[in-house]
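A.B. asks: could you look at this predicted model? Sequence included:
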Amino acid sequence: MNRLSFRKLALGVLTLVLFILGWKLVTDARLISPIFFPGPERTYAALVKGLSGGPLLAQTVETVERMLYGWLLASAVGVLLGALIGISRRARAFIAPTLELLRPLPASAMIPVAIAFLGFSDQMVLVVIAFGALWPMLLATIHGFAAMEPRLYEVSAVLGLSRFQVIWKLALPSAMPMILASLRLGLTISLVLAVVGEMLASRAGLGQSILAASRSFRSADLFAGIVILGAIGLCGSRLLSMAERRLLRWQAVHR
Amino acid sequence: MRVARFMHTCWRAALLPVGLILAAQVAATATQLESDTLASPADIARALAAILTDGSLARATLDTLKAAAAGCALGVGLGSFIGILLGLFRIADDLLDLTIELLRPVPVVALIPVTMMLLGFGAQMEIVIITIGMLWPSVVLARAAVKEVEPRLMEVSRVMQLGFAARLVKIVLPAILPQLFMSLKLAAGYALVVAVTVEITANPQGLGYGIMMAQQALRPAEMFAYLLWIGAVGWLLSLLLNATQRRLFPAHGRGEPR
Amino acid sequence: MSVSRLSPSVSRPHEEQASPAVQSRIGIRDVTLSYGALQIIGGISLDIAPGETVSIIGPSGCGKTTLLRMLAGLARPTTGEIVLDGQPVSGPSRSVAIVFQDYGKALLPWRTAAGNVSLALEARGCPARERPEIIRDLLAKIGLSRHADKYPSEMSGGMQQRLQIARCLAQEPKVLLMDEPFGALDAMTRQALQDEVLALTAATGATMVFVTHDLEEAIYLGDRIVCLQPNPGRIGRIVDVRLPKPRDQLLTREDPEFLRLRRDLYDLIKDDHQ
């Protein structure tokens, strides 16, 4: 988001207040049973209680750690492998079609396979996250390398740059916009798969926590968990957009 | 010469997958594979044939595709409508932007427990989750598309004093149709992913449930057959939508990120 | 084409080839280039002396750019060879710099002006602490001192092309190849850059091969003008330019010799177009 104007902020907050008010009215009028649908106050109370001394804080840390490890693993492998495949036209011709074939495969469909190999374990969840988040980064890097301006390859030839210099100084920066966008997508996928993995494998974390809350009809705890998951997603994508803007300053002025 | 070139490309593209399958089969035969986790390509092919003929795969596929299609249609329809409104009226955008930005990052799978509690299992809860999952991306894409409509066209519509409905139908919708289709295309692939995810996690129906059950029953050949089938469905879907897009909007979609 | 119309200063190709090639910087020896059955370049021979500026003109499709790319080592002749200081050219080398017309594509958008010049220094292994001074000198030489920290997207077309020239100079090339470098610039910028390029080649003693479709530019810059003919690309005429140096945008262009050359070349090119 670019700098918020005051008008925009005021109007935005106004809607948010109305939204919460509407939520309160719906629950106060008992349009939906409070067992299933808590009001904003009860959600807030559960949030405060869970974060101060309750289990919510530890679960949040668990989930964030899982998400970050999986994401970092996927990013490192994706960009490295993508660079190796992307720099060589021949490697692209042989490998890229297979990757394109695998791309539409839902990452969650790999969960049963991962369970078969690793059981209901933390490693299984990590592998699933890393596998799911790998695709966007791998393909973005390959495509970014392939889409590098051909003129720049000629420039590098005339200047006599080494292969490593071409990757490091030309191909990687020119693929950077695509890679950064895929990093953001990868983080979103990581969070989703962390939650799914925790739910399925009953590993500690917010995913398992909200599932347990729903099974025992603790709807306030459930909503508190969802609010935190939203906050994690928001922070993650905001941090990455900030990094993106910094790294792509050269592009921003273009518009 | 063109045919030769095409064959050349195909040969290089097919080498890796065919090689891997052959290697897996050779390895499985050589080790006389008997496992709860692995299966030889031939066993997987047999398992696929079995679930294809007994109708279970067709039923599961239909369940998944129905839920995905319904959720996709609802989500993209509703989302695009909201997005168009936000794109057309700055006041609406200013009012709703913050709330949308706050709701958007909530991972859609976090809604599984809620909908499970409110709606129980079944197609309905799956469709609700998919709808919400498709909603936000559609809002964002439609809003961006409307904001990029040539300002001159908007001025034309203002000079001609077109009413809102006429402006929408005659100017805005035709102008953003290619982007809307792209939004639908992206959503369709994503809807399949969400559907399978919901089925694996909670909902006892469809392809996701099928693959999960195959794993639980320690039938690896069937599990991999499901995996293969899910991949094929996803691939065919994207192939179909890409072809449709090229047909309907030949000028569009060439420079878009893949 | 009638020979009678040609002035004495317009010599025939075979006379030119007869001149000794011992001291030449660039030697083009019976070069042809074909893609499959299609012949692009059909036998070109030319010697270019050190410090000389040769302009290449000709109708589109005559292989001007292809010839330049072969000189840069970016394309290989099908037959014949190109020699640089007696050594056959087998690929790109740092002693031959090339300025592309599409400066927007040839610059790194993610590097500042200084960073773009630096790339050439990094490539030739210049130590990091020596780079800032060299970059400063080069940017000053080409009039970009105040824009060292700007990204290409923040610069005008003229500035971007200056930057590309600065990067080429950072290679310290013996030969500077120019592929219609000013074709996309406005007239004023174009003239300013023509003078700067002339001053730079005069100062560094670099040999320059300048491809252009603009007759006046070819005459203004060149010591010799090579007119190519299409289908396949070959040398039609080689014209010596006997205009006093240093050249001046007003005086040179009003010189009767300049006007005469322009008319001769115009007729020549026009014949090729028919």
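C.D. replies: On my side now, so go ahead.
A.B. asks: quick one: low-confidence ranges for the chain?
C.D. replies: In the absence of a named chain, chain A is used. Chain A contains residues with pLDDT under 70 at A:1-4, A:252-255.
A.B. asks: ah, no, chain C please
C.D. replies: Checking chain C against pLDDT under 70 turns up C:1-22, C:271-274.
A.B. asks: centroid-nearest residue for chain C?
C.D. replies: Centroid-nearest residue in chain C, with C-alpha atoms, centre = their mean: residue C:210, separated by 2.2 Å.
A.B. asks: so is that residue in a helix, a strand, or just coil?
C.D. replies: What DSSP: H, G, I helix; E, B strand; the rest coil gives for residue C:210 is strand.
A.B. asks: can you report how many residues lie near residue 48?
C.D. replies: Going with chain A. Neighbour count of residue A:48, defined by other C-beta atoms under 10 Å in any protein chain shown: 13. (Glycine included, C-beta is placed from N, CA and C.)
A.B. asks: please go with chain C instead
C.D. replies: 23.
A.B. asks: if we can go back for a sec, ok now do the residue nearest to the centre of chain C, which residues does it touch?
C.D. replies: C:53, C:54, C:55, C:56, C:178, C:181, C:217, C:218, C:221, C:222 (C-beta atoms under 8 Å, 6 or more residues apart in numbering or on different chains).
A.B. asks: out of those residues, which sit inside strands?
C.D. replies: Among the contacts of residue C:210, the residues falling in strands (DSSP state E) are C:53, C:54, C:55, C:56, C:178.
A.B. asks: of those - the most surrounded one?
C.D. replies: Ranking those using other C-beta under 10 Å puts residue C:56 first, with 28 neighbours.
A.B. asks: so it sits against residue C:226, correct?
C.D. replies: Yes. At 4.9 Å, residue C:56 counts as touching residue C:226 under the criterion of C-beta atoms under 8 Å.
A.B. asks: can you list phi and psi of the residue lying closest to residue C:52 once chain neighbours are set aside for me?
C.D. replies: Leaving aside its sequence neighbours, residue C:52 sits nearest to residue C:223 (C-beta to C-beta, 6 or more residues apart in numbering or on different chains; 5.1 Å). Torsion angles at residue C:223 (phi, psi; degrees, to the nearest 10) stand at phi -90, psi -30.
A.B. asks: who does the residue nearest to the centre of chain C bridge with?
C.D. replies: Assessed by DSSP bridges, residue C:210 has beta-bridge partners residue C:55, residue C:178.
A.B. asks: now it: how far from residue A:92?
C.D. replies: 37 Å (C-beta to C-beta, to the nearest Å).
A.B. asks: same question, residue A:56
C.D. replies: 46 Å.
A.B. asks: contacting residues around the residue sitting furthest away from the middle of chain B?
C.D. replies: Distance from the centre of chain B peaks at residue B:159, with 40.6 Å (C-alpha atoms, centre = their mean). Taking C-beta under 8 Å, 6+ apart, we find residue B:159 in contact with no residue.
A.B. asks: pLDDT wise, what is it at?
C.D. replies: Predicted confidence (pLDDT) for residue B:159: 79.
A.B. asks: ditto for the one 10 residues further on
C.D. replies: Here the pLDDT value assigned to residue B:169 is 84.
A.B. asks: pretty sure residue C:225 is in a strand, no?
C.D. replies: Yes. According to three-state DSSP, residue C:225 belongs to a strand.
A.B. asks: interface residues of chain A facing chain C?
C.D. replies: A:149, A:151-152, A:154-161, A:165, A:169-170, A:173-174, A:176, A:248-251, A:253-254 (C-beta under 8 Å from any C-beta of the partner chain).
A.B. asks: could you give me the ChimeraX syntax to select whichever of those are buried?
C.D. replies: To isolate the buried ones among these in ChimeraX, judged by 16 or more other C-beta atoms under 10 Å in any protein chain shown, type:
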select /A:149,152,154,155,156,157,158,159,160,161,165,169,170,173,174,176,248,250,251
